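Peer 1: any chance you can model this:
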Amino acid sequence: MASHSTTPRRPVAPLVLGVIIAVIGLVLAIGGAWLAVLGGSPYYLLTGIAMVASGALLFRRNIGGGWLYGAVFVATLIWAFAEVGANGWALVPRVVAPLVLLIAVLLVMPTLSVSRLRWRLGIGASMLSVAIAAVAAVAIGRIDAARPIGTLPALASAGGDNATMQAGDDWPAYGGSYSARRFSPLTQITPANVGSLKRAWLIHTGDLPSDAAKGTYGAENTPLKVGDSLYVCTPKNIVIALDPATGRQRWRFDPKVPDQAIPYTAACRGVSYYAVPGADAAEACANRIIFGTLDARLFALDAHTGRRCARFGTNGEIDTKAGMGETPPGYVSINSPPTIVRGVVVTGHQVLDGQDRWAPSGVIRGFDAVSGRLRWAWDMMHPGWHGYPPEGQIWARGTPNMWTIASGDEALGLVYLPMGNAAADYYSSLRRPQEKDFATSLVALDVTTGKPRWHFQAVRNDVWDYDFGAQATLVDYRGIPALVLPSKQGDIYVLDRRTGRPLTPVGQIRAPRGGVEPAQRATTQRVSLWHTLRKPDLTERDMWGMSPIDQMVCRIQFRKAAYKGFYTPPETQRHSIEYPGYNGGTDWGGIAVDPRRGVILANYNDMPNYNRLVPRAEANRRGWAPRNQARGHIGGAEGAGDPQAHTPYAINVNAGWRLPFTGMLCKQPPYGGIRAIDMATGKTIWDRPLGEARTNGPFGIPSMLPLDIGTPNNGGAVVTASGLVFIAAATDNVIRAIDLRTGNMVWSDVLPAGGQATPMTYSSGGKQYVVIYAGGHHFMETPVGDEVIAYALP
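Peer 2: Just a heads-up that it's a prediction; the model follows:
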């Protein structure tokens, strides 16, 4: 038989790997050249060229391609650690993808070598891969813990809370009391036993979005507990009274809010409780629930039966749009609980952002808590008007509004209003002097007269949507009645609440000039010198991604954008970077204060926005028009294509500065955290990332990584006298308990939906409960749900 010689099959893997490395190198070389021209790092250009050469050699089955890529990886490690040190998350895009390619190269190289070297290369490749992976894991693990910086102050006498209703067995107001401390004196659940906390009950409210309202829900609700009832408000303002021990429904009231009334978000942060002084407890509406709705009605219900209080307004309701003129559906809504001081129900309202410079008025009203009669109205453009506008006139349009929650001082007769901006947040030339004076300010209003007593402005002529989102928290500070005022910029101020005088150092910084309105920009801006949550200005090194390619894209975007640091004005020819973005710092979740230890708990966001003012002609071509004139779509990210009608520019905000193709944020983690601050000194006690990476990942795919990346968060914390902090807020759908002393997480539970709400705690039948509304949030991209969940010890 004839013998046949066979040629050994040549491996295909080097060819495939060579093509992959060469293509990646080509992308890096082209993008890297662009970045270098913009003044950025030359690393990507040089690495791209070397990878193209490495890929070509591997394609030719030349072992030199492997050695060249090994040299590229070593150079990458040196560059990465030189840029960011051992910052684990910062190393991810710089090292992880190149490491994966290195492992592939090392596994392929034995097929290219002479046979006597193959076994050495194989063993060496395996050992090197394991070693590099171990180093990377250790580096990333470095951020998965609280960072203790100071020590917890010793227990001291509690600062007095003069609110008429106090947190304790009850939770009678949104912030615990109208002092908004979010502090409970309960001590049954402790750091030692919280690990045994279990679900005591769970109920479904039944309020889920219709097809027309999908992409708009975000409950944001904190229930109240007074006496034998727990009061919950759903996204479309259905109020439900529950048995606080079992969750059994006592009554339910549905105001029938239409979907068309939903503004940016369908949310009901809470309701308010009022006991009529001197009334017989058995009398109808002697105790009442007062709340506003998304279609701007104000209701009063009997707290025991849920029936309307017929003598309040007209059959238990008031149309707060009266006197405003034209108010298209969704333009005026009440999504925060009113504040009741000295029998006056003080309410603001949300005016839909970004639609029209002459949107409805931001007027603040005070109604009689018993009759519903209008006691006063504060329209900053008409300070002489005391009630409804004169016949044939309306309250001034476009003025700053208070969309969030006020706090109140019963003894001083003051309510503290966190004010927003004038309509059209990102353009200021049409603003009137009064608007410039009161916008982005805390205004102390006299509840008897409805007149401002004082105001404290945080931003001069704001074009960054830095309105105050959080309640001011009332405290005693060195024997002085004070308030702690957090801000979206991250600055925290302590003011004398009688006069508005700062009690802690406040400074001025030089503000960048330029933008489309250079003459409108202030030369200086106010900052807190006592404490700020704000991090240093961004640099190119802070850019992130899941790989070197998208990190390079973010670096290119950074170099192309206008960025002069904090308070960079918006531009139209190119994007501008706003850092922090409009979600904070601190937003509507506010802060919690332990008055016995003198500790502030502040959760915060740490993300930029990527903004551009869009000329009117371009906005018209894109079809951007006010909602009542547009296609009717509701939802989406705030500021993304807002028309700002009757100004020269629309605004396009990339909230969080995300890449469109991966959904990843351009700034490196963490994106949110929680910090304990010594109120006596303003010094940080500990600071930790808030939120795990488990539900986050590229292309919207959950990574399931149990690492504290620090996610965006909305909602606040509650702190107890036993030394526990309960908080959800983050996008990982987890409620957690944190040890106040160390900052370490000591308990957690995965929620069935997003926890973008502030929890609360109370006692019923001798047992302490912790309750959270797991409603999810469209803006935070967490699952929407309708669950109210109570936790207790077995």
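Peer 1: C-alpha from now on. contacts and neighbour counts both.
Peer 2: Fine.
Peer 1: and stretch 161-172, what's buried?
Peer 2: Buried positions in stretch 161-172, judged by neighbour count with 16 or more other C-alpha atoms under 10 Å: Asp161, Asn162, Ala163, Met165, Gln166, Ala167, Gly168, Asp169, Asp170, Trp171, Pro172.
Peer 1: columns pLDDT, secondary structure and distance to Arg269 on top of the residues you listed, output as CSV?
Peer 2: Listed next are the buried residues of stretch 161-172 as CSV, based on pLDDT from 0 to 100; DSSP: H, G, I helix; E, B strand; the rest coil; distance: C-alpha to C-alpha, whole Å:
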residue, pLDDT, secondary structure, distance to Arg269
Asp161, 79, coil, 23
Asn162, 79, coil, 23
Ala163, 83, coil, 20
Met165, 91, coil, 19
Gln166, 93, coil, 19
Ala167, 96, coil, 18
Gly168, 96, coil, 20
Asp169, 98, coil, 21
Asp170, 98, coil, 18
Trp171, 98, strand, 14
Pro172, 98, coil, 14
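Peer 1: between the residues you listed, which is nearest Met704?
Peer 2: Trp171 (35.1 Å; C-alpha to C-alpha).
Peer 1: quickly find the element holding the residue lying closest to that closest one once chain neighbours are set aside.
Peer 2: Spatial nearest neighbour of Trp171, chain neighbours left out: Lys225 (4.8 Å); criterion: C-alpha to C-alpha, 6 or more residues apart in numbering. According to DSSP states H and E, Lys225 maps onto strand 224-226.
Peer 1: show me how far that strand is from its chain's centre.
Peer 2: Remark: strand 224-226 is offset 26 Å from the chain centroid, using C-alpha atoms, centre = their mean, to the nearest Å.
Peer 1: try stretch 296-313
Peer 2: 32 Å.
Peer 1: contact partners of it?
Peer 2: Identification of contacts with stretch 296-313 by C-alpha atoms under 8 Å, 6 or more residues apart in numbering yields 241, 250-253, 273, 284-292, 315-321, 332-334, 349, 369-373.
Peer 1: for it, measure first residue to last.
Peer 2: Taking C-alpha to C-alpha, to the nearest Å, stretch 296-313 runs 14 Å from one end to the other.
Peer 1: mean confidence score for it?
Peer 2: Confidence for stretch 296-313, expressed as mean pLDDT, is 98.
Peer 1: buried ones in that stretch, by neighbour count?
Peer 2: Using 16+ other C-alpha under 10 Å as the test for burial, stretch 296-313 gives 296-304, 306-310, 312-313.
Peer 1: next one: stretch 249-261
Peer 2: Gln249, Trp251, Arg252, Phe253, Pro255, Val257, Asp259, Gln260, Ala261.
Peer 1: so which of these would you say is closest to Gln520?
Peer 2: Nearest to Gln520 out of those is Ala261 (C-alpha to C-alpha; 34.8 Å).
Peer 1: helix or strand for the closest residue in space to that closest one that isn't next to it in sequence, which one?
Peer 2: Sequence neighbours aside, Gly330 is the residue nearest to Ala261 in space, at 4.2 Å (criterion: C-alpha to C-alpha, 6+ apart). Counting by DSSP H and E, there is no helix or strand that carries Gly330.
Peer 1: quick one: residues contacting Gly330.
Peer 2: Gln260, Ala261, Ile262, Pro263, Tyr264, Leu294, Asp295, Leu352.
Peer 1: give me the phi and psi for the fifth one.
Peer 2: For Tyr264, the backbone dihedrals (degrees, to the nearest 10) come out as phi -80, psi -40.
Peer 1: would you agree it is in contact with Glu638?
Peer 2: Yes. With contacts counted by C-alpha atoms under 8 Å, Tyr264 reaches Glu638, the gap being 7.3 Å.
Peer 1: of these two, who's got more company?
Peer 2: Tyr264 (24 against 18; other C-alpha atoms under 10 Å).
Peer 1: ok, now how distant is the more buried one from Tyr217?
Peer 2: Distance from Tyr264 to Tyr217, counting by C-alpha to C-alpha: 9 Å.
Peer 1: in this structure, what spans have low per-residue confidence?
Peer 2: 1-9, 113-147, 156-160, 630-636 (pLDDT under 70).
Peer 1: what do you get if the cut-off is 80, keeping everything else the same?
Peer 2: By pLDDT under 80, the weakly predicted segments of the chain are 1-10, 113-150, 154-162, 630-638, 699, 703-704.
Peer 1: helices along that one, start to end?
Peer 2: Counting by DSSP state H, the chain has helices at residues 13-37, 43-59, 64-84, 88-91, 97-108, 115-141, 433-438, 548-560, 616-621.
Peer 1: who are the packing partners of the fourth one?
Peer 2: This points to helix 88-91. helix 64-84, helix 115-141 (3 or more C-alpha pairs under 8 Å, 6 or more residues apart in numbering; DSSP states H and E).
Peer 1: quick one: contacts for Val341?
Peer 2: The neighbours of Val341, taking C-alpha under 8 Å, 6+ apart as the test, are Gly408, Asp409, Glu410, Gly413, Leu414, Val415, Val447.
Peer 1: now, which of the residues you listed lie within strands?
Peer 2: Among the contacts of Val341, the members falling in strands (DSSP state E) are Gly408, Asp409, Leu414, Val415.
Peer 1: who's the second one bridged to?
Peer 2: For Asp409, the beta-bridge assignment (DSSP bridges) gives partners Leu414.
Peer 1: verify the contact between it and Asp161 for me.
Peer 2: No. Under the criterion of C-alpha under 8 Å, Asp409 is not in contact with Asp161, lying 9.1 Å apart.
Peer 1: overlap of the contact sets of the two?
Peer 2: Common contacts of Asp409 and Asp161 (C-alpha under 8 Å, 6+ apart): Ser179.
Peer 1: so who does Thr404 touch?
Peer 2: By C-alpha under 8 Å, 6+ apart, the contact set of Thr404 is Asn335, Ser336, Gly348, His349, Gln350, Pro418, Gly469, Ala470, Gln471, Trp588.
Peer 1: at 7 Å instead, please
Peer 2: Ser336, Pro418, Gly469, Ala470, Trp588 (C-alpha atoms under 7 Å, 6 or more residues apart in numbering).
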